[in-house]
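> Can you look at this prediction? I've put the sequence above it.
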Amino acid sequence: MRAEKTADGVAMMRALEQHAPRPLFDDPLAARMLSGWPAVVVAHRPLRWLFLHALERAGPGLYGAVVCRTRAIDDACRSALATGIGRVVVVGAGMDTRPYRMPEMAAARVWEFDLPSVQAAKKATLAQALGALPTHVSYVPLDLTKPDAADVLAGAGTGRTLLICEAVTMYVADEAVGRVLAYAGGLASGSLVIITYLPRAEADKSENERWSRRLGWRSAYHPAEIAARLQALGLTPLTDIGADDHRARLLRPDGRRLAVFPGERIVLAAVEG
């Protein structure tokens, strides 16, 4: 149930961002992925204002972290696909709409992996929003905690691939994270990998204990540890960015003041030949 709530919550924040004066990204499908009270909130300006203020009090910087992460990964995806990669694997796709809103990804072959319950809800929502499920996307049920997860991932193949694992690693045990990293290491030369993770420094802060309990954090890593694990599997880390980078690259140039919780970093790595 927590996974479904997390996916819905992120979808709602992406929909809310579409009403910002200068949204960080364009997601015309975001609001259509919602139902019930979240859809009502997003559709009415006074409710949006109240919700965002309540969210900022309950979780300072959480909204900023989600929307900045979305934009940063969008940019990384466009750059990766511009190199000619024609395959995309999304681990823990949630209610993400990239394969449906980004022209660059619409031209690729996409595999979405997620828990069966999350995937069933998403497919029903997409079918209603789009009229039919797109033919360039395959939906594969996956539970990373199960021993057969590696075999399920391998079913997508290992050709030159863009692998995206967004907001997943912190919610599963290290053994499950290892399955994703091992799959990444087995991809063909020229593949690119985008993975987000919880920095150990944030997980260890006493003031973040409530975040850990509320969000169900299970795994955290030092940046050097993530880099070493990727290198051991034959991947070369290219960038590793977090809240400070988001503020400098995405917010300040646009004159936008938005708190960003530093509890997630984005690492981009390449599979070398």
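Great, that's in hand.

> Quick one: the helices in this protein, in order.
2-17, 36-43, 45-58, 62-81, 98-101, 103-106, 116-130, 149-154, 174-185, 200-203, 209-215, 223-232, 243-246 (DSSP state H).

> can you pull the contacts of A243?
Going by C-beta atoms under 8 Å, 6 or more residues apart in numbering, A243 touches 61, 65, 68, 260-262. (C-beta placed from N, C-alpha, C; glycine too.)

> and what of V110?
So V110 contacts 87-90, 99, 136-138 (C-beta under 8 Å, 6+ apart).

> Let's see which of these end up in strands.
Among the contacts of V110, the ones falling in strands (DSSP state E) are 87-90, 137-138.

> Hmm, R109 and G157 touching each other?
No: in this structure, G157 is not within contact of R109 by C-beta atoms under 8 Å, at 9.2 Å.

> the more surrounded of these two?
More neighbours surround R109 than the other of G157 and R109, with 18 against 14 (other C-beta atoms under 10 Å).

> if I look at the residue nearest the centre of the chain, how far off is R213?
In the chain, the residue lying closest to the centroid (C-alpha atoms, centre = their mean) is E166, at 2.7 Å. With distances taken as C-beta to C-beta, to the nearest Å, E166 is found 22 Å from R213.

> Equivalent analysis for T125, please.
29 Å.

> Who has more neighbours out of the two?
Neighbours were counted for T125 and for R213 using other C-beta under 10 Å; T125 has more, 17 against 9.

> which non-adjacent residue is nearest the more buried one?
M33 (5.4 Å; C-beta to C-beta, 6 or more residues apart in numbering).

> Count the neighbours of that neighbour for me.
27.

> Now for it: which residues touch it?
11, 15, 95, 97, 122, 125-126, 129.

> So which residue of the chain lies furthest out from the middle?
Outermost residue of the chain (C-alpha atoms, centre = their mean): P46, 28.3 Å.

> Distance of it relative to G59?
From P46 to G59 the distance is 21 Å (C-beta to C-beta).

> List the residues that contact the residue lying closest to V172 once chain neighbours are set aside.
Once flanking residues are discounted, V172 sits nearest to L144: 5.2 Å by C-beta to C-beta, 6+ apart. Residues near L144 by C-beta under 8 Å, 6+ apart: 91-92, 168, 172, 176, 179-180.

> same thing with G242?
199, 262, 264-266.

> and what of L29?
97, 100-101, 129.

> Quick check, pLDDT for it.
We note a pLDDT of 95 for L29 in this prediction.

> Next, give phi and psi for it.
phi -90, psi -10 (degrees, to the nearest 10).

> ok, and the most crowded of the contacts of L29?
T97 (23 neighbours).

> Next, work out how far apart that one and T70 are.
10 Å.

> list residues touching both of these two?
14, 27.

> so what's V89 bridging to?
W111, L163 (DSSP bridges).

> wait, it sits on L163?
Yes: look at V89 against L163 with C-beta under 8 Å: they come within range, at 4.9 Å.

> for the stretch 1-150 of the chain, which spans come out with low pLDDT?
1-5 (pLDDT under 70).

> hmm, back to that, among the contacts of A243, give me the pair with the biggest separation.
C68 and P262 (10.8 Å; C-beta to C-beta).

> rewinding a little: now for the helices of the chain, which one comes closest to F25?
helix 62-81 (4.8 Å).

> Now the closest one - C-alpha only, CSV.
This file holds the C-alpha atoms of helix 62-81, laid out as CSV (Å, rounded to 0.1, in the frame of the first residue of the first chain):
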residue,chain,number,x,y,z
LEU,A,62,9.7,17.6,-0.2
TYR,A,63,7.7,19.3,-3.1
GLY,A,64,10.9,21.0,-4.3
ALA,A,65,12.9,17.8,-4.2
VAL,A,66,10.3,16.0,-6.3
VAL,A,67,9.8,18.6,-9.0
CYS,A,68,13.5,19.4,-9.3
ARG,A,69,14.3,15.6,-9.5
THR,A,70,11.7,15.3,-12.3
ARG,A,71,13.3,18.1,-14.3
ALA,A,72,16.8,16.9,-13.8
ILE,A,73,16.0,13.4,-14.9
ASP,A,74,14.0,14.7,-17.9
ASP,A,75,17.1,16.6,-19.0
ALA,A,76,19.3,13.5,-18.5
CYS,A,77,16.9,11.4,-20.5
ARG,A,78,16.9,13.8,-23.4
SER,A,79,20.7,13.9,-23.5
ALA,A,80,20.9,10.1,-23.3
LEU,A,81,18.3,9.5,-26.0
